[in-house]
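*Asks:* Here is my input; please provide its structure:
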Amino acid sequence: MRAYEIIPGTTVEAIRLTERSAPVACAGQVVIDIRARSLNFRDVINISGSRDGSPKTTGVIPCSDGAGVVAAVGEGVTRLKVGDRVAGAFMPDWLNGPMTPEVQAGALGGTVDGVLAEQIALPATGVVKIPEHLTFEEAATLPCAGVTAWYAQFVGGHILPGDTVLLLGTGGVSIFSLQFAKMAGARVILTSSSDEKLERARALGADHVINYRRQPEWQNAVLEFTDGKGADHVVEVGGPDTLNRTLQAVRVGGSISLMGVLTGFTANLATVSILHKNIKIQGTYVGSVAMFEAMNRAIALHRMKPVVDRVFAFDDAVAALKYLQSGSHFGKVVVSV
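*Replies:* Presented below is the predicted three-dimensional model:
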């Protein structure tokens, strides 16, 4: 089968297309013909090299998010059959309950082969059926960005109808969070540097939008929109360069779901704000298979459609990664067959 491997280098061009032996479904496993994969900023980091100086893993197939069709089932597999439309979980061994170092080590596309290939073998327990109304390209966006947003909103954030949710940017997690927040009856404030993207966010239901280039102290606009109280919950994808403003923008007793490293890995943090405002900060690293299945039930019930910005051919994976890295996208970038 054809597959991309990470090679030495410091850019997103540090992958090569190669031939690998086709995977075999061992006991308890299924083999998936991958029809589409979606990209995450994590893929840029894993391919080009971590900005914290730690060594990257070469020889690994990158990317965690894919959807396709079950091509073979191993001995003992009863919950899936050949022909089922499925997606693998980001951490296939995280079935339910708290995350552990062991399940975290199995995250696809890190030190374990991922989905930027024509096929993959995964434990059947770490594979879920995708909603029937979604295309493979749409379903491929679910395992990381979708599940992360679900975790942030409903597991970590516990948002309720009437809550105010602050979202930073218009990448995959933020757009999923916008869709989920509106599904739950929440009010959404969203930031971006692009007026065009802000208008697209309004069309998806954003109640208030802020251009942070024109309003660099955007936390003040959030306070104005909330009568000085601040947002009930924030989905924080920016990281070090945005976190202190986020602490100002969240209400007393509010919560922040932190998953972003877009601006780096370490921050000079105003910890006194966390203390005095009694803020809960929840690290949010994707989610379990159980969360994935719960999210899919909600998506199917509401006939929700993930936002796919652009689809690239498999042979154009490097171009897709460059496009993602440019930040020009709105929603998700997908690599198809």
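
*Asks:* can you give me the helices for the stretch 101-250 of the chain?
*Replies:* Assigned by DSSP state H, counting those that start in this stretch, the stretch 101-250 of the chain shows helices spanning 101-105, 136-139, 147-150, 172-183, 195-203, 218-225, 240-249.

*Asks:* Show me what the fourth one is packed against.
*Replies:* Applying 3 or more Cβ pairs under 8 Å, 6 or more residues apart in numbering; DSSP states H and E, we find helix 172-183 packed against helix 147-150, strand 164-168, strand 187-192, strand 231-236, helix 289-302. C-beta coordinates here come from the backbone N, C-alpha and C atoms, glycine included.

*Asks:* quick check: mean pLDDT across it?
*Replies:* Regarding helix 172-183, the rounded mean pLDDT is 97.

*Asks:* Could you export that helix as PDB, CA atoms only?
*Replies:* This file holds the C-alpha atoms of helix 172-183, laid out as PDB (Å, rounded to 0.1, in the frame of the first residue of the first chain):
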ATOM      1  CA  GLY A 172     -11.400  22.900  13.400                       C
ATOM      2  CA  VAL A 173     -11.900  22.800  17.100                       C
ATOM      3  CA  SER A 174     -13.400  26.400  17.300                       C
ATOM      4  CA  ILE A 175     -15.900  25.800  14.500                       C
ATOM      5  CA  PHE A 176     -17.000  22.400  16.000                       C
ATOM      6  CA  SER A 177     -17.300  24.200  19.300                       C
ATOM      7  CA  LEU A 178     -19.500  26.900  17.700                       C
ATOM      8  CA  GLN A 179     -21.800  24.200  16.200                       C
ATOM      9  CA  PHE A 180     -22.000  22.300  19.400                       C
ATOM     10  CA  ALA A 181     -22.600  25.400  21.500                       C
ATOM     11  CA  LYS A 182     -25.500  26.500  19.300                       C
ATOM     12  CA  MET A 183     -26.800  22.900  19.400                       C
END
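
*Asks:* CSV please, covering the helices of the stretch 101-250 of the chain and showing distance to residue 1 and mean neighbour count.
*Replies:* What follows is the helices of the stretch 101-250 of the chain, written out as CSV (distance: least, Cβ to Cβ, whole Å; neighbours: other Cβ atoms under 10 Å):
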stretch, distance to residue 1, mean neighbour count
helix 101-105, 25, 12
helix 136-139, 17, 23
helix 147-150, 26, 28
helix 172-183, 27, 26
helix 195-203, 37, 16
helix 218-225, 46, 19
helix 240-249, 40, 20
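
*Asks:* Please render these as CSV that adds distance to residue 113 to the earlier fields.
*Replies:* Formatted as CSV, the helices of the stretch 101-250 of the chain follow (distance: least, Cβ to Cβ, whole Å):
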stretch, distance to residue 113
helix 101-105, 13
helix 136-139, 20
helix 147-150, 20
helix 172-183, 22
helix 195-203, 34
helix 218-225, 40
helix 240-249, 31
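
*Asks:* what's the closest of those helices to residue 328?
*Replies:* Minimum separation from residue 328 across those (Cβ to Cβ) falls at helix 195-203, 9.5 Å.

*Asks:* Give me the contact list for that closest one.
*Replies:* For helix 195-203, contacts defined as Cβ atoms under 8 Å, 6 or more residues apart in numbering pick out 170, 175, 178, 190, 192, 206, 209, 210, 211, 330.

*Asks:* sorry, back to before: residue 273 is nearest to which of the helices and strands packed on helix 172-183?
*Replies:* Judged by Cβ to Cβ, the one of the helices and strands packed on helix 172-183 that comes nearest to residue 273 is strand 231-236, at 12.6 Å.

*Asks:* Quick check: can you name the pairing partners of the closest one and their directions?
*Replies:* Paired neighbours of strand 231-236 in the sheet (DSSP bridges): strand 164-168 (parallel), strand 250-258 (parallel).

*Asks:* Alpha carbons only: can I get it in PDB?
*Replies:* The C-alpha coordinates for strand 231-236 follow below in PDB (Å, rounded to 0.1, in the frame of the first residue of the first chain):
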ATOM      1  CA  ALA A 231     -17.800  34.400  29.400                       C
ATOM      2  CA  ASP A 232     -19.000  31.300  31.300                       C
ATOM      3  CA  HIS A 233     -16.700  29.100  29.300                       C
ATOM      4  CA  VAL A 234     -13.800  29.500  27.000                       C
ATOM      5  CA  VAL A 235     -12.400  27.100  24.400                       C
ATOM      6  CA  GLU A 236      -8.700  28.200  24.500                       C
END
